[in-house]
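Q: Sequence and predicted structure below; questions after.
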Amino acid sequence: QWPASLAMLLRSPDGYGLEPEVRDRLAHALGLLGTAYDRANEPERAAECFRLGVQWAQAQSTTTLAGLFVRYGGSLVARGTSGQAIGMLRRVLTLGVSDCDVLPLLSECYAASGRWLAALVCAENALALGAKNERLDTIVGEAAEELGEAWQNFRERIPAPSCSASTRPPPPEIG
């Protein structure tokens, strides 16, 4: 009932007249409600709350908007619909959220959809930023295996972002 009432309020003159701080709080609350529905295994209601929260946050706080996209994207990843989450998580990166928070989820999405190069680049960058996610190492291994010799040749010439000057391989000889 809450989402339906808030949807009607959003489209009413009273909703348009609410202070930005109130609109932001409503968006944040809808994100929390969406997460609660998600954890209660009610994905349709969760999605409804997340989408409505995004509408409330649209012209307000980019922090709240980004948080909603991360929550919704994480929910989609957990439900096995990673393809839907990719665009959402890519948008989060433009909203100023720490790459360390978003790249692991994005890497997971790309891996689930067989986009190995994107999965590998996101995973390596997340690891270089210090992301703590045990799945990242697995994604790096799986992606490198899928990409094969071409990726190995590339990494011999261009080190991963986590390489330091002391661990960087020497440049290839020009022959």
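A: Right, received. Where do you want to start?
Q: hey, C-alpha coordinates of stretch 90-109 in CSV?
A: The C-alpha trace of stretch 90-109 is given here as CSV (Å, rounded to 0.1, in the frame of the first residue of the first chain):
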residue,chain,number,x,y,z
ARG,A,90,27.1,1.9,-15.2
ARG,A,91,25.0,4.9,-14.5
VAL,A,92,26.0,4.7,-10.9
LEU,A,93,29.6,5.2,-11.9
THR,A,94,28.6,8.5,-13.4
LEU,A,95,26.9,9.7,-10.2
GLY,A,96,30.1,9.7,-8.2
VAL,A,97,29.8,6.5,-6.2
SER,A,98,33.1,4.9,-5.3
ASP,A,99,34.3,2.6,-8.1
CYS,A,100,35.3,0.2,-5.3
ASP,A,101,31.6,-0.2,-4.4
VAL,A,102,30.3,-0.7,-7.9
LEU,A,103,32.9,-2.4,-10.0
PRO,A,104,32.6,-5.8,-8.2
LEU,A,105,28.9,-5.9,-8.9
LEU,A,106,29.5,-4.8,-12.5
SER,A,107,32.2,-7.4,-12.9
GLU,A,108,29.8,-10.1,-11.7
CYS,A,109,27.1,-8.9,-14.2
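Q: Pull out the buried positions in that stretch.
A: 92-93, 95, 97, 99-109 (16 or more other C-beta atoms under 10 Å). Heads up, the C-betas are built off the backbone N, CA and C, glycines and all.
Q: any idea which of the residues you listed is the one closest to Thr35?
A: Of all those, Thr35 sits closest to Leu105, with 14.5 Å by C-beta to C-beta.
Q: Contacts for the strand or helix carrying that closest one next, please.
A: Per DSSP states H and E: Leu105 is located in helix 99-112. Surrounding helix 99-112, the residues in contact under the criterion C-beta atoms under 8 Å, 6 or more residues apart in numbering are 70, 73-74, 77, 80, 82-83, 85-86, 89-90, 92-93, 116, 118-120, 122-123, 125-126, 129-131, 133, 135-136, 139, 142-143.
Q: Ok, stretch 131-139 next?
A: Stretch 131-139 has contacts (C-beta under 8 Å, 6+ apart) with Cys100, Asp101, Leu103, Pro104, Ser107, Glu108, Ala111, Ala119, Leu120, Ala123, Ala126, Leu127.
Q: Quickly name whichever of those is closest to Glu19.
A: Of those, the one sitting nearest to Glu19 (C-beta to C-beta) turns out to be Asp101, at 28.4 Å.
Q: Name the surrounding residues that touch stretch 36-44.
A: Outside stretch 36-44, the residues that touch it by C-beta under 8 Å, 6+ apart are Arg45, Ala46, Cys49, Ser75, Ala78, Arg79.
Q: tell me the phi and psi of the residue nearest the centre of the chain?
A: The centroid of the chain falls nearest to Leu89 when counting by C-alpha atoms, centre = their mean (3.4 Å). Leu89 adopts backbone torsions of phi -70, psi -30, taken as degrees, to the nearest 10.
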